[in-house]
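Chemist: below is the sequence, then the predicted model.
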Amino acid sequence: IALCAGLTLAATTGFAGILPQALELDRGLNTLAAGQMASLLTLASMAGCIVTPFLCSRFPSTRGYLVCMGVVGTLVMLATWMMPGNGVSLLAVLLLNGFTTSLLGPVIQALPVVLPEIGPRYAGSAGGIIAEVSLLLSFCLPIVVSAIAGADYGLNFAIFSCVYALALAPVVLLPKLPNKSG
């Protein structure tokens, strides 16, 4: 759970962190417009976090939801920088990116309480471990990606998309989840 949370947070944090600079230097937006466009990721992710429980409840299994939304988030994240132009199409894909890449976080963070081995009794400790791993990865991985990709924004965004996709590996290792088919 901690690895999944950490990889998704590292990918989305790194992506959002370099997006204003990339929009300004590579796409030619002025500083104000680049910052405003990049802030759309955060705005849309707030909406995504709010609707996540509703969306997850519509899936027959929590694991299925996580895999499906993880794939969708990865594809949208990857497509974001490939979208040509600076206008409405980029605006739409940035909103979609923020929304889709936020659909894992609330479910992942709530998982410890539903696992019989952890439950409400140890959920606080598990949450602390998840938070620690998440923060560590969200600090370290963007530095590693930056060292690999340098100023190549397309490569940076592609690697962050791959990091987000890697979060699906720990999902398949989760035990069967109660109250759903896993």
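Modeler: Great, that's in hand.
Chemist: pull out the buried positions in the longest helix along the chain.
Modeler: Ranked by residue count, the top helix of the chain under DSSP state H comes out as helix 119-149. Residues A123, A126, G127, I130, V133, S134, L137, S138, L141, P142, V145, A149 are the ones in helix 119-149 that count as buried (16 or more other CB atoms under 10 Å). C-beta here means a position set from N, CA and C on the backbone, and glycine is covered the same way.
Chemist: for the nearest residue to the fifth one once chain neighbours are set aside, give its distance to G70.
Modeler: Among residues not flanking V133 along the chain, A2 sits closest, at 3.7 Å (CB to CB, 6 or more residues apart in numbering). From A2 over to G70 the distance is 16 Å, taken as CB to CB, to the nearest Å.
Chemist: neighbour count: the two, which is higher?
Modeler: Per other CB atoms under 10 Å, whichever of A2 and G70 has more neighbours is G70, with 25 against 20.
Chemist: got a list of what the more buried one touches?
Modeler: With contacts defined as CB atoms under 8 Å, 6 or more residues apart in numbering, the neighbours of G70 are T8, L104, Y164, A165, A167, L168, V171.
Chemist: returning to what we had before: between the buried residues of helix 119-149, which is nearest E24?
Modeler: A149 (17.3 Å; CB to CB).
Chemist: report pLDDT for the closest one.
Modeler: pLDDT recorded at A149 is 96.
Chemist: is it in contact with N156, as I believe?
Modeler: Yes. Contact status for A149 versus N156: in contact at 4.3 Å, counting by CB atoms under 8 Å.
Chemist: wait, L96 touches S45, no?
Modeler: No. Taking contacts as CB under 8 Å, L96 lies outside contact range of S45: 10.9 Å.
Chemist: now do the helices in the protein.
Modeler: 2-25, 31-57, 62-82, 88-100, 105-114, 119-149, 153-166, 168-172.
Chemist: residues in contact with A167?
Modeler: Going by CB under 8 Å, 6+ apart, A167 touches L3, C4, A5, L7, T8, A11, G70, L104.
Chemist: phi and psi next, for it.
Modeler: Backbone geometry at A167, expressed as degrees, to the nearest 10, gives phi -60, psi -20.
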